[in-house]
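> sharing a model that was predicted from the sequence below.
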Amino acid sequence: MDNYQNLDPIKKLETAADLFLRNVQGTRSLHTFTAYRAVLSDFIRFFSESTGVNGSDPGFVAVMAWRDGLRERGLSPSSIKHYLTLLHSFFDFTCDPACGGWYENNPVIKRLKPAEESSPRRQRECSLTAWQVIRLWRYDKVPGCRRDTWARNYAIVILLLTVGLQNAELRAITPADLDWEDEMLNVTQGRANGFRRIDFPPIAQSTVRLYLASGLRPKDLPDTAPLFGTTSPKEFGARVRDGEWAQGSVQWLNGIVLRHVKAVTGVDGITTEDLRHVGASLDLNSGLPLDELQYKLGHRDIKSTQRAAGMRQGRAGRGRALLVYEAQDNQVQINNAILAEATGQQGEKNRP
């Protein structure tokens, strides 16, 4: 511990964080490691830019100022509470003498965590109408959307609506996970770090082909690199920089969805999770058994599936689902024709 005390507070914090993250990487899931890395990177950046460090280790006041900054950036009380919980775990580790005893006290105390309003959990309502979903099927570029990223954004939205992936799962998907021959998708990134094999429907296949044909994903990347990535510096958390292709953040993917859906339908505030639930509602009302929908969404508790999909809506719900899926089938043919014209390839089964 004496050697650590001689370090500059910022260098000390960075070194302690590196040690902690190495331990997390060896003992926890990739999803958990990514979350810790993002929170610690943000806190370290805030602490290093603070004018009140003055040679002192992070204390209650520094953590409180960081928390207030999260609130000013628009994070919800539940998100702030989650970030503070992760930061508390870091300081618990670094205060333990067995782990080096970097700090004497944990500055993240219970009083810093915001109170959350408790409300009964209810079944989720479908946030888009049938006609709005049908508009999302279409490959027609609309005003307000960037034409150079349209193919990527379109593919992301369609995958969320049809395949039922979580935000983290979609960001982790690679071309190697796409089984074109059997029309299946291998999902290995989940909250339980498990594995499931789900349908890769024709509409999703057509959108991914259009995206890959657009050249937005560099063609020299290996199949094990993220299907959807970015070369832009990340504004929150750690990421490979210098223009290298890397997985985007939760906020990055939600931002793509929000802007695309608003431009196409006029509906604001739609997230990746909202699209997942819209798709689940359509699946349920089209007749998909609840246990199969549970597996598709990756839920351990069927009650989570019931909340995500909502209630069966009888004849009206079946009619709505039928209308949407008829439009989806038509769009598959349109997408394949667009792809054939753009690339000169014929047939649906040829991998790009």
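That came through fine.
> where along the stretch 101-250 of the chain do the strands fall?
Secondary structure of the stretch 101-250 of the chain by DSSP state E, counting those that start in this stretch: the strands cover 178-179, 184-187, 196-199, 229-230, 246-247.
> can you pull the contacts of residue 35?
residue 86 (C-beta atoms under 8 Å, 6 or more residues apart in numbering). Heads up, the C-betas are built off the backbone N, CA and C, glycines and all.
> where are the low-confidence patches of the stretch 51-200 of the chain?
51-55, 116-126, 189-193 (pLDDT under 70).
> which residues of it fall in helices?
For the stretch 51-200 of the chain, applying DSSP state H, counting those that start in this stretch gives helices covering 60-72, 77-95, 130-137, 150-163, 167-172.
> out of these, nearest to residue 30?
Shortest distance between residue 30 and the helices of the stretch 51-200 of the chain, using C-beta to C-beta, is found for helix 167-172: 7.4 Å.
> list of residues touching the closest one?
30-31, 34, 156, 159-160, 187-190, 226, 228, 247-250, 253-254, 272-273, 298.
> hmm, 6 Å instead?
Residues outside helix 167-172 that contact it (C-beta atoms under 6 Å, 6 or more residues apart in numbering): 31, 187, 189, 247-248, 250, 253, 272.
> centre of the chain to it, how far?
Centre-to-centre, helix 167-172 and its host chain are 5 Å apart (C-alpha atoms, centre = their mean, to the nearest Å).
> ok, now stretch 252-268?
Using C-alpha atoms, centre = their mean, the offset of stretch 252-268 from its chain centre is 14 Å.
> need the residues that contact it.
132, 135-136, 142, 144-145, 153, 156-157, 167, 171, 270-272.
> now those as a markdown table including neighbour count and distance to residue 219?
Listed next are these as a markdown table, based on neighbours: other C-beta atoms under 10 Å; distance: C-beta to C-beta, whole Å:
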| residue | neighbour count | distance to residue 219 |
| --- | --- | --- |
| 132 | 18 | 34 |
| 135 | 18 | 31 |
| 136 | 25 | 27 |
| 142 | 12 | 27 |
| 144 | 11 | 29 |
| 145 | 16 | 24 |
| 153 | 21 | 20 |
| 156 | 25 | 19 |
| 157 | 21 | 23 |
| 167 | 20 | 26 |
| 171 | 24 | 20 |
| 270 | 23 | 31 |
| 271 | 18 | 31 |
| 272 | 24 | 27 |
